[in-house]
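# next come a sequence and a model predicted from it.
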Amino acid sequence: MPYKIILIFLFFSSSLFGQQKERLPFFQPADTLNNWRFWGSAATGASIYTGVMIGLNNVWYSEFEQSKFHLFNDLGEWEDMDKVGHAVTAYTEANWIYKGAKWTGLEERKSVWLGVAMGTLFQASIETLDGFSAKWGFSIPDIAFNTLGVSVFASQQLIWEEQRIHLKISSYHKPYPDFPVTSVDGGNTTLLSTRTSDLYGDGYATRFFKDYNAMTVWASANIHSFTKNENSKIPRWLNVAVGYGAENMFGGFRNEWFEDEVFYDFDNEDYRRYRQFYLSLDIDLSKIKTKSHFLKTIFNVVNIIKIPAPTLEINTLGKVRFHPIYF
């Protein structure tokens, strides 16, 4: 997921910061198609996309064993956090590219379908690279959730001409204990913190996108958008969000792994894997009124992040928890 977010950031940046000769304020969307913006953005975006794909193949995938193209069913892996992450990524790609297309002055429906097409292309390209990797494979479930993500975007934009329900993520830097884990043969010991460092890294930015234990995926619905009363006292920016997360994942399907060719099977009652469901409040930054097109752009980009707020959790351990502030 991290490289996918970086990919769309790069593409959106190309749309935003491409050079053009015009008098229109830079951050203000064009009312009609602006050829300088459109073709400049298209050329820059295509160049960056090609460069990133080549870079991923040479820098990342070349480090792993390659194979013939094959399928891989990873449904259920990481308690499906990876799957909902695919939906959020594809949704975000489609939404941001749509915004970039509208910035160039492209008409509404063409902007929507361009967002869908490019979001689908980006995700399918990554999946194709996975298909030639012996460690992974082309995942039909990934494609299904990618399609779900762009469909959530497109259906709302075509029906309501706005995003009333945003797909978002939240995460935090989760600490892990130096809990000893004994190998299956009983001859070696490692630490749980060593395993999580290998899996998720140590830096905040890396953990934000890679640590599935600390990540929550949200569907954040704008309350005011669903009311028919324009004079409603409900703030236009107030959202209700439902979230999904999972805990105690130290391996894909099970908490088992190899470390220096030593096999570990971590089956501990205090670290059982479980799923979490959340209900919380949120803020739709795109609904905050401002005359500044620069701030509108920033709000639209940052709106992928769920705002920390009081949250109710129900999990598959049968427990109900209230978090005064949940990230």
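That came through fine.
# could you measure from the residue nearest in space to the middle of the chain over to Asn188?
Centroid-nearest residue in the chain: Thr89, 3.7 Å away (criterion: C-alpha atoms, centre = their mean). Note on Thr89: its distance to Asn188, by C-beta to C-beta, to the nearest Å, is 37 Å. All C-beta atoms are positioned from the backbone trio N, CA, C, and that covers glycine.
# all helices of this protein, in order?
2-17, 35-55, 81-104, 108-131, 140-160, 192-200, 204-210, 293-302 (DSSP state H).
# ok so, going back, the residue nearest to the centre of the chain against Val150, yeah?
No. Between Thr89 and Val150 there is no contact under C-beta atoms under 8 Å: 10.1 Å.
# if we can go back for a sec, could you look over the helices of the chain and pick the most buried one?
Most buried of the helices of the chain by mean neighbour count (mean count of other C-beta atoms under 10 Å) is helix 81-104; its value is a mean of 25.
# list the helices and strands it packs on?
If you count contacts as 3 or more C-beta pairs under 8 Å, 6 or more residues apart in numbering; DSSP states H and E, helix 81-104 packs onto helix 2-17, helix 35-55, helix 108-131, helix 140-160, strand 165-170, strand 216-222, strand 238-247, helix 293-302.
# want to throw those into a markdown table with mean pLDDT and distance to Ile283?
Rendered in a markdown table, the data for those read as follows (pLDDT from 0 to 100; distance: least, C-beta to C-beta, whole Å):
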| stretch | mean pLDDT | distance to Ile283 |
| --- | --- | --- |
| helix 2-17 | 45 | 21 |
| helix 35-55 | 89 | 29 |
| helix 108-131 | 95 | 23 |
| helix 140-160 | 97 | 18 |
| strand 165-170 | 98 | 10 |
| strand 216-222 | 98 | 9 |
| strand 238-247 | 98 | 6 |
| helix 293-302 | 93 | 10 |
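# could you dump these to CSV with distance to Asn268?
Below are those laid out as CSV (distance: least, C-beta to C-beta, whole Å):
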stretch, distance to Asn268
helix 2-17, 28
helix 35-55, 40
helix 108-131, 31
helix 140-160, 28
strand 165-170, 27
strand 216-222, 23
strand 238-247, 13
helix 293-302, 38
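# relative to Asp202, which of those is closest?
Among the helices and strands packed on helix 81-104, helix 2-17 comes nearest to Asp202, with 14.1 Å by C-beta to C-beta.
# hang on, the earlier thing: nearest to Thr206, of the helices and strands packed on helix 81-104?
Of all the helices and strands packed on helix 81-104, helix 2-17 sits nearest to Thr206, with 7.1 Å by C-beta to C-beta.
# the closest residue in space to Ala154 that isn't next to it in sequence and Gly100: what is the separation?
Leaving aside its sequence neighbours, Ala154 sits nearest to Val116 (C-beta to C-beta, 6 or more residues apart in numbering; 5.0 Å). Using C-beta to C-beta, we find Val116 at a distance of 13 Å from Gly100.
# follow-up on the earlier one: can you check which of the helices and strands packed on helix 81-104 gets nearest to Asp82?
So among those, helix 140-160 is nearest, using C-beta to C-beta, at 7.8 Å.
# using PDB, write out every CA atom in the closest one.
Only the C-alpha atoms of helix 140-160 are listed here, as PDB (Å, rounded to 0.1, in the frame of the first residue of the first chain):
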ATOM      1  CA  ILE A 140      -8.500 -11.600  -8.100                       C
ATOM      2  CA  PRO A 141      -9.600 -10.500  -4.700                       C
ATOM      3  CA  ASP A 142      -7.300  -7.400  -5.000                       C
ATOM      4  CA  ILE A 143      -8.900  -6.600  -8.300                       C
ATOM      5  CA  ALA A 144     -12.300  -7.000  -6.900                       C
ATOM      6  CA  PHE A 145     -11.600  -4.500  -4.000                       C
ATOM      7  CA  ASN A 146      -9.900  -2.200  -6.500                       C
ATOM      8  CA  THR A 147     -13.100  -2.200  -8.500                       C
ATOM      9  CA  LEU A 148     -15.100  -1.600  -5.400                       C
ATOM     10  CA  GLY A 149     -13.100   1.400  -4.600                       C
ATOM     11  CA  VAL A 150     -13.400   3.100  -7.900                       C
ATOM     12  CA  SER A 151     -17.100   2.200  -8.000                       C
ATOM     13  CA  VAL A 152     -17.700   3.900  -4.700                       C
ATOM     14  CA  PHE A 153     -16.200   7.000  -6.100                       C
ATOM     15  CA  ALA A 154     -17.900   6.900  -9.500                       C
ATOM     16  CA  SER A 155     -21.400   6.000  -8.300                       C
ATOM     17  CA  GLN A 156     -21.500   8.900  -5.900                       C
ATOM     18  CA  GLN A 157     -20.200  11.400  -8.400                       C
ATOM     19  CA  LEU A 158     -22.600  10.300 -11.100                       C
ATOM     20  CA  ILE A 159     -25.700  10.100  -8.800                       C
ATOM     21  CA  TRP A 160     -25.100  13.000  -6.400                       C
END
